[in-house]
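Chemist: Build me a model from this:
(4 chains)
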Number of protein chains: 2
Amino acid sequence: MPAAPSPSPTPRTPRERARAQTVADIVRLGREHLAVHGAAALSLRAVARDLGVVSSAVYRYVQNRDELLTLLLIDAYGELGDEVDAAVGRVVEADFAGRFQALGRAVRGWAIREPARYALLFGSPVPGYRAPAERTTGPGTRVIHALMAIFDGAWRAGVLRAEAAAPAAVAPVMPAPLARDLKAIREELGLAVPDDFLARGALVWTSLFGAVSFEVFGQYGEGTFAARDELFEHHLRVLAGMAGLE
Amino acid sequence: MPAAPSPSPTPRTPRERARAQTVADIVRLGREHLAVHGAAALSLRAVARDLGVVSSAVYRYVQNRDELLTLLLIDAYGELGDEVDAAVGRVVEADFAGRFQALGRAVRGWAIREPARYALLFGSPVPGYRAPAERTTGPGTRVIHALMAIFDGAWRAGVLRAEAAAPAAVAPVMPAPLARDLKAIREELGLAVPDDFLARGALVWTSLFGAVSFEVFGQYGEGTFAARDELFEHHLRVLAGMAGLE
DNA sequence: CAAAGTCAAGAGCACTGCTCTCAATTGTTG
DNA sequence: CAACAATTGAGAGCAGTGCTCTTGACTTTG
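Modeler: So this is what the prediction gives:
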């Protein structure tokens, strides 16, 4: 049973230390392969070769290819979350629009710098691979939490434009099932923003990643949109306005 | 040289007819495999087995795995484009908001019904595979063209809310490089909508696919948003408002 | 110091994409 | 209609993949 012992937060024995180091090396090499060749081309044998070890040996440290993918998933979520948090933290707390822009730029910057890892997180799911929710939901929700914290802070500060949320006939009332979802989310995250802003926040969230994905995955046509930076900045402004910021 | 003769719009000789039929069978089987197992798991050998033929035989009809992917790409783009066109056409031409909603619902409906094929079109690119632009841009631009036609029609009809495009300080002036891109797009598609609406149309485009991708790729959390239909309808309304429709 | 635990290596299975050769079939043409 | 040529399918084979199992050696621990 080569499975790693579950309760090993800090390696104590020298053996555990060596083992943790080897696993870390495997993740590092896997990250490099992932960045260069993409997720579907991630090969345990190639990692083993780079590690200077025969292929079967890595199965001592990693259960299978899927578990390595999970480790890389967590690793990538962590790095993205760190960069987003750092970027947001660099803007003064009261500047909600500025924080939102910083978040958006951080996501886009990381995605462009790490297209393969971004694809692993937000692209089409790897066939046959199902991310274990209990290990990935935590790191995977940091960005949306940061985004919602900005919107919620703006609401509490009273700087969300009420007119933005319900201009003209844009349904100010939520259907019951959706209102239930929004209520659960608001309670779980300890938010105060009302339904329409919350739902708009979700749309801003998906729209942000939609714009980034289009750029990273090459969905924009060849000739169209050479001014990617300016286009994204424009989108950020419009999205901020859609959320009621600024 | 087993490559198919380029100019073969309509097969004339019996051999060409049989050949075209075999290629069609391969695409059909490939589509089924794609729908069930996903793009990365698409196996020429498996298709050959289903075709009742040895693996090397299919190379007589399809150059390699990548070309089969290209055929499936075109096939999927075509089907999505057909469904979108049909859905839009079912709404009276003057009802621009209705046409937009129909387009959005058609995209989402097809994506949910065909997640693997949707992932092939709009998910992370298949590693090592580069879609040949000369064969895929045509079928691949039908949705955005349909979307832009709706916005342009609304503009020409004078029903785009001008206030939506430039509320308060939301940059009414475009940076020069972006303005150049927008000008080129407007001229190529024969549009009349001004810059800000055009850029917002692009954002609506990416946002629509962002929302659909989140849903299809399972990016929403487990418990969150059980009311997917209502959420999407809300998003459609907000996006329509963002574009200035309605 | 010996037992227990851990490890790397190698062989092997089933699968993949793809190439090449060879024989047979098939359609076309003199 | 028969001969020819193009086309096709089969099979072997190469290099790669994930993964399992056994074997022998090594390290840590009681």
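
Chemist: contacts and neighbour counts: CA atoms only from here.
Modeler: Fine.

Chemist: what's downstream of the helix or strand of chain A with the lowest mean pLDDT, the next helix or strand?
Modeler: Lowest by mean pLDDT, DSSP states H and E among the helices and strands of chain A is helix A:162-165, with a mean of 59. Scanning forward in sequence from helix A:162-165 by DSSP states H and E, the next helix or strand is helix A:176-189.

Chemist: can you give me the mean pLDDT across that following helix?
Modeler: Throughout helix A:176-189, pLDDT has a mean value of 96.

Chemist: Any part of it near chain B?
Modeler: Yes: against chain B, helix A:176-189 shows contacts by Cα under 8 Å from any Cα of the partner chain at A:177-178, A:181-182, A:184-185.

Chemist: same check, this time on stretch A:24-38
Modeler: Yes: counting by Cα under 8 Å from any Cα, chain B has neighbours in stretch A:24-38: A:37-38.

Chemist: what do you get for stretch A:89-101?
Modeler: No: judged by Cα under 8 Å from any Cα, stretch A:89-101 and chain B are separated, with a smallest distance of 12.0 Å.

Chemist: Now chain A against chain B: closest residue?
Modeler: A:Gly210 (3.6 Å; Cα to the nearest Cα).

Chemist: what about the residue of chain A found nearest DNA strand D, neighbour count?
Modeler: Taking Cα to the nearest atom of the strand, DNA strand D has its nearest neighbour within chain A at A:Ser43, 2.8 Å off. Using other Cα atoms under 10 Å in any protein chain shown, A:Ser43 has 17 neighbouring residues.

Chemist: what does A:Arg90 give?
Modeler: 12.

Chemist: And it, what's its pLDDT?
Modeler: The model's pLDDT for A:Arg90 equals 98.

Chemist: just to revisit the earlier point, any idea how far the residue of chain A closest to chain B is from A:Gly218?
Modeler: A:Gly210 sits 12 Å away from A:Gly218, going by Cα to Cα, to the nearest Å.

Chemist: Over to A:Ala39?
Modeler: The gap separating A:Ala39 from A:Gly218 is 17 Å, by Cα to Cα.

Chemist: Which positions in chain A make contact with DNA strand C?
Modeler: Within reach of DNA strand C by Cα under 7 Å from any atom of the strand, chain A has these residues: A:2, A:15-16, A:18-19, A:52-58, A:60-61.

Chemist: 6 Å - rerun?
Modeler: Contact residues (Cα under 6 Å from any atom of the strand) of chain A with DNA strand C: A:19, A:53-54, A:56-57, A:60.

Chemist: Just the buried residues of those.
Modeler: A:Arg19 (16 or more other Cα atoms under 10 Å in any protein chain shown).

Chemist: which ones among the residues of chain A next to DNA strand C are found in strands?
Modeler: Among those, no member falls in strands (criterion: DSSP state E).

Chemist: on that earlier part again, run through the residues that contact the residue of chain A closest to DNA strand D.
Modeler: When contacts are counted by Cα atoms under 8 Å, 6 or more residues apart in numbering or on different chains, A:Ser43 touches A:Arg65.

Chemist: Could you rerun that using 10 Å?
Modeler: Going by Cα atoms under 10 Å, 6 or more residues apart in numbering or on different chains, A:Ser43 touches A:30, A:33-34, A:37, A:49, A:55, A:65, A:68.

Chemist: Quick check: phi and psi at it.
Modeler: Phi and psi for A:Ser43, reported as degrees, to the nearest 10, are phi -120, psi 120.

Chemist: picking that back up, determine which two of the contacts of A:Ser43 are furthest apart.
Modeler: Across the contacts of A:Ser43, the longest distance by Cα to Cα is 18.6 Å; it joins A:His37 and A:Ser55.

Chemist: Redo the contacts of A:Ser43 as a markdown table? Include pLDDT, secondary structure and neighbour count.
Modeler: Converted to a markdown table, those look like this (pLDDT from 0 to 100; DSSP: H, G, I helix; E, B strand; the rest coil; neighbours: other Cα atoms under 10 Å in any protein chain shown):
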| residue | pLDDT | secondary structure | neighbour count |
| --- | --- | --- | --- |
| A:Gly30 | 92 | helix | 24 |
| A:His33 | 90 | helix | 20 |
| A:Leu34 | 89 | helix | 23 |
| A:His37 | 82 | helix | 15 |
| A:Arg49 | 91 | helix | 13 |
| A:Ser55 | 91 | helix | 15 |
| A:Arg65 | 91 | helix | 16 |
| A:Leu68 | 92 | helix | 21 |
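
Chemist: from those, which is closest to A:Asp85?
Modeler: A:Leu34 (23.9 Å).

Chemist: wouldn't the closest one be in contact with A:Ile26 here?
Modeler: No: taking contacts as Cα atoms under 10 Å, A:Leu34 lies outside contact range of A:Ile26: 11.8 Å.

Chemist: before we move on, back to that, my guess is the residue of chain A closest to chain B contacts B:Phe214. True?
Modeler: Yes: contact criterion Cα under 10 Å: A:Gly210 and B:Phe214 qualify, at 8.5 Å.

Chemist: the more surrounded of these two?
Modeler: Counted by other Cα under 10 Å, A:Gly210 and B:Phe214 do not tie: A:Gly210 has more neighbours, with 25 against 20.

Chemist: and that one, what pLDDT?
Modeler: Confidence score, pLDDT, at A:Gly210: 98.

Chemist: Now name the helix or strand holding it.
Modeler: Secondary-structure element containing A:Gly210, defined by DSSP H and E: helix A:195-216.

Chemist: ok and that helix relative to helix A:176-189, angle-wise?
Modeler: Comparing the axes of helix A:195-216 and helix A:176-189 via axes from the mean of the first three to the mean of the last three Cα atoms, to 10 degrees yields an angle of 80 degrees.

Chemist: How far does helix A:195-216 sit from its chain's centre?
Modeler: How far helix A:195-216 lies from its chain's middle: 12 Å, per Cα atoms, centre = their mean, to the nearest Å.

Chemist: and that helix, what does it pack onto?
Modeler: Under the contact criterion of 3 or more Cα pairs under 10 Å, 6 or more residues apart in numbering or on different chains; DSSP states H and E, helix A:195-216 touches helix A:96-113, helix A:115-122, helix A:142-156, helix A:162-165, helix A:176-189, helix A:228-243, helix B:195-216, helix B:228-243.

Chemist: Switch those helices over to a markdown table, and while doing so, append distance to DNA strand D to every line.
Modeler: Listed next are those as a markdown table, based on distance: least, Cα to the nearest atom of the strand, whole Å:
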| stretch | distance to DNA strand D |
| --- | --- |
| helix A:96-113 | 24 |
| helix A:115-122 | 16 |
| helix A:142-156 | 29 |
| helix A:162-165 | 48 |
| helix A:176-189 | 35 |
| helix A:228-243 | 35 |
| helix B:195-216 | 24 |
| helix B:228-243 | 33 |
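
Chemist: Least confident of those helices, on average?
Modeler: helix A:162-165 (a mean of 59).

Chemist: still on that earlier bit, which residues are in contact with each of A:Leu34 and A:Ile26?
Modeler: Each of A:Leu72 lies in contact with both A:Leu34 and A:Ile26 under the rule Cα under 10 Å, 6+ apart.
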